[in-house]
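Peer 1: no sequence for this one, just the structure:
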């Protein structure tokens, strides 16, 4: 047995020596590429200790260690002529394969592809006669430490100066260091530093080194490097970026779980192009094959977040099922991040969202308000309405109101308004704070606050007058620095709330301002708002005696589809179709589904309304419906609201009874859960 083993070892060693001799006879030693063993095999990685937010990882340099145990299977030789590179056939390089010579284990390279020019001229890359396609001996001797380099350098040019003095392997670390430094800078400083970087004489040389090393870098290091290069502003259509993209495509089978999330993040940072699209398709196929092998929820959520909205639906569902299978292992942070992951993937999983909502509510104390805002934004994008979640978030912020910045509370209210949820206690507290601290108001947040409160039709009778006066005063202070359209939006919000600030109205109703609004690019929207303003000025009880001194273009007629069950119910109740009128157009661009003339002095206007005109899961009408009801009351109508979704559930006899109760009820509709928006 021992003799057999010795013979095998001897044969193996002899085979290696024979390969080396063959290699030496094929090309001159001076033209052979210097390919070094760089520790390209992957040690086991503890995925629980790494985080994409810490890109690139700090022990990058410690993982590149010399090793003599990896045999080279492929080697590439530069084909030269007269001491220079041959320009025929492949340009700028021509490469060919030597049969199964020594090559780093794990290096997957397709011989059909090489570093050929793709006609990109943003960066001028060239090769000298002495260039090699892999790191030189000088670069190998003193590997640089990424963390130390980024700490010791104060600018991108400092990093390039270090490189030009003594280039060391790997070149990718210089890009990583530069991106780390750039992240610490202000936007203006970063812009200036990037310009200096591109002009630096060593930059092109660094790019050349990066391309040469791309074949032998560890796959995850290669992904980190391209991410840094793109973030540094290197144009995507340069030879450098396109070459790295091609190499990443060729070596995609080396992608493990960790690299999977890095690749997903990289693609999210890049613009569409042929190579990016091909790589994204490859990622989809890879994820489809490996999804059930993913062990860490963080990796799964990163892949979900950046897989792309255009990913196949079947793949999205597979990722959803994988996430559901991992629910028992979800942390609170995982539950919070799942909303954004599903939103960016554009995949609505109610079961998954419901389970994550429960965990968030059970652990909401201490949750940063920015995280809560991101959750609400994702709910809006996914059209996910969870009243318990919205109420829990609003109540938590209301009970801890004093610890939050007003701007963050306003962001929260903006997204709650988009979700049609009206957090009464939180809005009352915010109103009180605005009255107490009017200095918080600036041009931008004045418009946002007015929109939120008018849209949700929120009034606190104890504070409403003071609140509106403070808002009007703040708007008046900014009249000289506000656009006509912004002024129209603000005044329109005031009018919906039945309040008419004098100075803003005076400026808005000037002829030149109205003319500007009617000739702007957003004419259609402006015309609609001007009609609202005109109706309020003519119908509401206001001491303001001016009106719009211009003929407004008519609004486009919207298609009307009166509820068929309501029509039949009214026919049975009133003894035929002659007792009411359908689809009635009234002055001031108001429309009612059915008009019933009770007698000479009393009429009923039946409005068939969808859920969207109410605040979420309540009978509280939103701003425009409340304004319409207020104006119909002024016009002499008794308003009857019929909720379409509730009417569809009723049998015809019950529908008739419901209509009879609503139409002939002596109860004044203003006494119901309807806010007529009195300014006092």
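Peer 2: Yep, that arrived. Being a predicted model, the structure only gives us computed values, none of them experimental.

Peer 1: can you list the weak-confidence ranges in the protein?
Peer 2: Residues of the chain meeting the criterion pLDDT under 70: 1-147, 559, 600, 666-680.

Peer 1: okay, now the domains of it?
Peer 2: 52-254, 483-556, 564-671 (automatic domain parsing).

Peer 1: if we ignore the residues flanking it in sequence, what's nearest residue 507?
Peer 2: Once flanking residues are discounted, residue 507 sits nearest to residue 479: 5.5 Å by Cβ to Cβ, 6 or more residues apart in numbering. Any C-beta I mention is one placed from the backbone N, CA and C, and that applies to glycine too.

Peer 1: burial measure for the one you found, as a count.
Peer 2: When neighbours are counted by other Cβ atoms under 10 Å, residue 479 registers 15.

Peer 1: can I assume it is in contact with residue 501?
Peer 2: No: applying Cβ atoms under 8 Å as the test, residue 479 and residue 501 come out as separate, 10.2 Å apart.

Peer 1: that older thread, can you put the domains of the chain in CSV and add distance to residue 471 and mean neighbour count?
Peer 2: CSV is the format used below for the domains of the chain (distance: least, Cβ to Cβ, whole Å; neighbours: other Cβ atoms under 10 Å):
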stretch, distance to residue 471, mean neighbour count
domain 52-254, 33, 17
domain 483-556, 8, 16
domain 564-671, 15, 16
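
Peer 1: switch the ones you listed over to JSON lines; also include distance to residue 395.
Peer 2: What follows is these, written out as JSON lines (distance: least, Cβ to Cβ, whole Å):
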{"stretch": "domain 52-254", "distance to residue 395": "30"}
{"stretch": "domain 483-556", "distance to residue 395": "25"}
{"stretch": "domain 564-671", "distance to residue 395": "15"}
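
Peer 1: quick one: residues contacting residue 248.
Peer 2: 219, 222-223, 226, 263, 279 (Cβ atoms under 8 Å, 6 or more residues apart in numbering).

Peer 1: what about the residues you listed, which are in helices?
Peer 2: 219, 222-223, 226, 263, 279 (DSSP state H).

Peer 1: let's have those in a markdown table, adding distance to residue 605.
Peer 2: Listed next are the ones in helices among the contacts of residue 248 as a markdown table, based on distance: Cβ to Cβ, whole Å:
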| residue | distance to residue 605 |
| --- | --- |
| 219 | 69 |
| 222 | 69 |
| 223 | 64 |
| 226 | 64 |
| 263 | 60 |
| 279 | 60 |
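
Peer 1: going by distance to residue 321, which of the residues you listed wins?
Peer 2: Closest to residue 321 out of the ones in helices among the contacts of residue 248 is residue 263 (21.7 Å), distances taken as Cβ to Cβ.

Peer 1: wait, which of the domains of the chain is closest to residue 348?
Peer 2: The nearest among the domains of the chain, by Cβ to Cβ, is domain 564-671 at 17.2 Å.

Peer 1: quick one: distance of that closest one to the chain centre.
Peer 2: Relative to the centre of its chain, domain 564-671 is centred 41 Å away, using Cα atoms, centre = their mean, to the nearest Å.

Peer 1: please enumerate the strands of this protein.
Peer 2: Secondary structure of the chain (DSSP state E): strands at 76-78, 80-81, 84-85, 95-97, 581-586, 590-597, 603-609, 637-643.

Peer 1: residue 387 is nearest to which of those strands?
Peer 2: That would be strand 637-643 among the strands of the chain, by Cβ to Cβ, at 17.0 Å.

Peer 1: that closest one - contacts with which helices or strands?
Peer 2: Judged by 3 or more Cβ pairs under 8 Å, 6 or more residues apart in numbering; DSSP states H and E, the packing partners of strand 637-643 are strand 590-597, strand 603-609, helix 623-634, helix 652-664.

Peer 1: run me through the strand neighbours of the second one, direction for each.
Peer 2: Strand 603-609 has the following sheet partners, assigned by DSSP bridges: strand 590-597 (antiparallel), strand 637-643 (parallel).

Peer 1: that older thread, so which of the domains of the chain is nearest residue 327?
Peer 2: Among the domains of the chain, domain 52-254 comes nearest to residue 327, with 22.2 Å by Cβ to Cβ.

Peer 1: distance of residue 445 relative to residue 453?
Peer 2: 12 Å (Cβ to Cβ, to the nearest Å).

Peer 1: make a markdown table out of the helices and strands packed on strand 637-643 and add distance to residue 544.
Peer 2: Formatted as a markdown table, those follow (distance: least, Cβ to Cβ, whole Å):
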| stretch | distance to residue 544 |
| --- | --- |
| strand 590-597 | 21 |
| strand 603-609 | 26 |
| helix 623-634 | 16 |
| helix 652-664 | 35 |
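
Peer 1: residue 331 is nearest to which of those?
Peer 2: Closest among the helices and strands packed on strand 637-643, using Cβ to Cβ: helix 623-634, at 40.2 Å.

Peer 1: re the thing from before, dump the strands paired with strand 603-609 to TSV, plus distance to residue 660.
Peer 2: As requested, these are arranged in TSV below (distance: least, Cβ to Cβ, whole Å):
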stretch	distance to residue 660
strand 590-597	11
strand 637-643	11
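
Peer 1: and those: which comes nearest residue 152?
Peer 2: Comparing the strands paired with strand 603-609 by Cβ to Cβ, strand 637-643 comes nearest, at 68.3 Å.

Peer 1: angle of that closest one against helix 652-664?
Peer 2: 150 degrees (axes from the mean of the first three to the mean of the last three Cα atoms, to 10 degrees).

Peer 1: got the angle for strand 637-643 vs helix 623-634?
Peer 2: Using the same axes, to 10 degrees: strand 637-643 against helix 623-634 is 150 degrees.

Peer 1: out of the ones in helices among the contacts of residue 248, the closest to residue 412 would be?
Peer 2: For these, the nearest to residue 412 is residue 263 (34.4 Å; Cβ to Cβ).

Peer 1: quick one, which of the strands paired with strand 603-609 is nearest to residue 483?
Peer 2: Checked against Cβ to Cβ, the stretch from the strands paired with strand 603-609 lying closest is strand 590-597, at 29.1 Å.

Peer 1: which residues does the closest one contact?
Peer 2: Residues outside strand 590-597 that contact it (Cβ under 8 Å, 6+ apart) are 535, 558, 560, 562-563, 566-567, 570, 574, 579-586, 603-608, 628, 631-632, 635, 637, 642, 663.

Peer 1: skipping adjacent residues, who's closest to residue 379 in space?
Peer 2: Nearest non-adjacent residue to residue 379 (Cβ to Cβ, 6+ apart): residue 419, at 6.2 Å.
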